[in-house]
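**Student:** Would you be able to build a 3D model of this:
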Amino acid sequence: MSDPPDPMNARPRKTLAGKPGNMTQGHPIAGTAGVVLAGGKSTRLGRDKAALDFGGVTLLERAVRSLAALFSEVIVVTAKGKAPGAPGAVAVEDLYDDRGPLGGIHAALKAAKAGRCFVVGCDTPFVPAPLIRFLCGFRAPDVVIPASAADRLHPLTAVYSTSCLPHVENLLGSGDNRIISFFPNVAVRVVNPREWRPYDPGALFTVNVNTMDDYRRSLRLLEQTRN
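**Tutor:** Numbering: from 1, shown residues only. Below you'll find the model as predicted:
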């Protein structure tokens, strides 16, 4: 399965080695909030992707349900004035207008009671729970981020510590919206395919719903996973 286009494909300059800690299956992931970013404009899709029906629930509701099974704190970040979040999550609004996912990460880090946030977009409906637990098992770095087989980073399936907050705010203040731009200033653990593939053999975390064609393919994939 090929990766969706992602302009944020540069590698960070500061990386760490390290192994994940013990992430007990069936227990909430401690010290981490689950975050769904749902404030995008859905320009390529032409309609609000968070509200798309996906097997009887919206994409946003599916994401919240998935994270609520793993985290005791779940946050949905929306654009200012956008419809509220979903049951089972705390809804917060972007504090910076029109700053893309970076603004959503900032709002989540400001709102979270936990010291870290696992961040996912509402348009990635197949991120497996074992992969989430695995990524959250790395405790030392400020950022834990998977890289695909094409050596592409995936900043919207990643873990961010609240220690990143001042660097994110500096970046927003400079007018730079690229998530990876603050990575040289923090400790980053890049998780390579050899490490994450046992937890997501089909690289399902890379499946995005950005266009109507993506949406139709994802619905077919949903049916396949249910059969």
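
**Student:** so where's this protein shaky on pLDDT?
**Tutor:** 1-26, 40-46, 83-85, 227 (pLDDT under 70).

**Student:** ok, 50 please
**Tutor:** 1-14, 22 (pLDDT under 50).

**Student:** By residue count, tell me the biggest helix in it.
**Tutor:** helix 212-226 (DSSP state H).

**Student:** Tell me which other helices or strands it touches.
**Tutor:** strand 53-54 (3 or more CB pairs under 8 Å, 6 or more residues apart in numbering; DSSP states H and E). From N, CA and C alone the C-beta is placed, and that goes for glycine too.

**Student:** ok, how many other residues are close to residue 225?
**Tutor:** 11 (other CB atoms under 10 Å).

**Student:** shouldn't it be in contact with residue 126?
**Tutor:** Yes: if you go by CB atoms under 8 Å, residue 225 and residue 126 touch, sitting 7.5 Å apart.

**Student:** quick one: the helices in this protein?
**Tutor:** 59-68, 100-111, 129-136, 165-174, 193-196, 212-226.

**Student:** got these as TSV, with distance to residue 187 columns?
**Tutor:** Shown next, in TSV, are those (distance: least, CB to CB, whole Å):
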stretch	distance to residue 187
helix 59-68	24
helix 100-111	16
helix 129-136	15
helix 165-174	11
helix 193-196	17
helix 212-226	33
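
**Student:** and of the ones you listed, who's closest to residue 51?
**Tutor:** Nearest of the helices of the chain to residue 51, taken as CB to CB: helix 59-68 at 7.0 Å.
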